[in-house]
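In: This is the structure alone, sequence omitted:
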Ligand code: SAM
């Protein structure tokens, strides 16, 4: 980055465990993006915004029941302390909208993320309306806290930033970006391993045939593993390729 340029993605992660960051984001591709100044991640300690003597961030749930709930006052104050005009405020919750590759692109466009990590039984529901937050889930399971969810979302968003991956827009061929299909199978050396051979077409040096094979493999793989991702156009393409006698033709 040239002097005076600001990071292209800024994120404030609100958590009661700020020492967990950057954690795994500090390594590899995401670590280099941070070191080069393309990405700026700040962990904000929600406890700093607690107003009582004990700096408490949670309390018993109204109506009874197990566990504790995160109090609204420190959370809202923490969000307001970092808010920018273009911020997207995300509260992590297993009850939220499912995180997808499309959402990763969308979040990148905002340039500033405020990521709120819940703990215990979750956060006081009033925080959502008061901070205009979106609830986001990373999958249909329950984690102990939102910190891992924040790391997952940040990893997926950071690698989309131009200049972060070694090949420009390398993500374009990947699963969920390759027109919504799963990626075709990949191989490297050796050509033969324990009786299994790399498909001949990949050794042919014929770029058009390699591209056609990969396209067909992506369609077949998606039909087999995630038929819900296929569009009517994909299905028509699969019909045409089976009419023309193209085979699955994977490895070996
Ligand atoms: N009582 C909540 C429920 O049943 O929906 C679960 C709370 S969970 C133990 C504590 C925190 O972990 C949540 O507030 C949220 O921030 C985070 N979390 C757990 N599962 C998650 C998921 N699948 N996606 C995103 N965040 C999650």
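Out: That came through fine. These figures come from a predicted structure and were not determined experimentally.

In: What pLDDT is listed against residue 73?
Out: In the prediction, the pLDDT value recorded for residue 73 is 97.

In: For it, give me its contacts.
Out: Applying Cβ atoms under 8 Å, 6 or more residues apart in numbering, one finds that residue 73 lies in contact with 49-51. C-beta here means a position set from N, CA and C on the backbone, and glycine is covered the same way.

In: and which of those is nearest residue 188?
Out: Minimum distance to residue 188 across the contacts of residue 73 is 49.7 Å, recorded for residue 49 (Cβ to Cβ).

In: That closest one and residue 73, how far apart?
Out: Residue 49 sits at a distance of 8 Å from residue 73 (criterion: Cβ to Cβ, to the nearest Å).

In: what is in contact with the two at once?
Out: Overlap between the contact sets of residue 49 and residue 73, as judged by Cβ under 8 Å, 6+ apart, is nil.

In: ok, back up a step: from the contacts of residue 73, pick out the ones that also neighbour the ligand.
Out: When Cβ under 6 Å from any ligand atom is applied, no member of the contacts of residue 73 is adjacent to the ligand.

In: Helix, strand or coil: sort out whichever residue of the chain sits closest to the ligand for me.
Out: Of all residues in the chain, the one sitting closest to the ligand is residue 118 (2.2 Å; Cβ to the nearest ligand atom). When the structure is reduced to helix, strand and coil (DSSP: H, G, I helix; E, B strand; the rest coil), residue 118 reads as coil.

In: The residue lying closest to it once chain neighbours are set aside: how many residues sit nearby?
Out: Beyond its immediate neighbours in the sequence, the residue positioned closest to residue 118 (Cβ to Cβ, 6 or more residues apart in numbering) is residue 146, lying 4.7 Å away. Neighbourhood size, residue 146 [other Cβ atoms under 10 Å]: 27.

In: what ranges of the stretch 151-252 of the chain fall below the confidence cut-off?
Out: By pLDDT under 70, the weakly predicted segments of the stretch 151-252 of the chain are 168-169, 245-252.

In: where along it do the strands fall?
Out: Along the stretch 151-252 of the chain, counting by DSSP state E, counting those that start in this stretch, strands occupy 192-193, 196-197.

In: what's the first one in contact with?
Out: With contacts defined as Cβ under 8 Å, 6+ apart, strand 192-193 is touched by residue 198.

In: Domains in this protein, by residue range?
Out: For the chain, whose domains are defined here by automatic domain parsing, the residue ranges read 9-158, 179-241.

In: how much space between the residue of the chain closest to the ligand and residue 167?
Out: According to Cβ to Cβ, residue 118 stands 37 Å off from residue 167.

In: surely residue 97 meets residue 137?
Out: Yes. Counting by Cβ atoms under 8 Å, residue 97 touches residue 137, with 6.8 Å between them.

In: Pull up the residues of this protein that are close to the ligand.
Out: Within the chain, the residues that sit near the ligand (Cβ under 6 Å from any ligand atom) are 92-95, 117-119, 121-122, 137-139, 141-146, 149.

In: and the residues you listed, which of them are in helices?
Out: When DSSP state H defines the helices, the subset of the residues of the chain next to the ligand inside them is residue 149.

In: Can you give me the neighbour number for the closest residue to residue 241 other than its chain neighbours?
Out: Using Cβ to Cβ, 6+ apart and skipping the chain neighbours, the partner closest in space to residue 241 is residue 216 (5.7 Å). Counted with other Cβ under 10 Å, the neighbours of residue 216 add up to 19.

In: start the count at 529, not 1, going forward
Out: Okay, using 529 as the starting number, the last item reads as residue 744.

In: show me the contacts for residue 617.
Out: 607, 611, 642, 644, 659-662.

In: Just give me the longest helix of the chain.
Out: For the chain, the longest helix by residue count, based on DSSP H, is helix 735-753.
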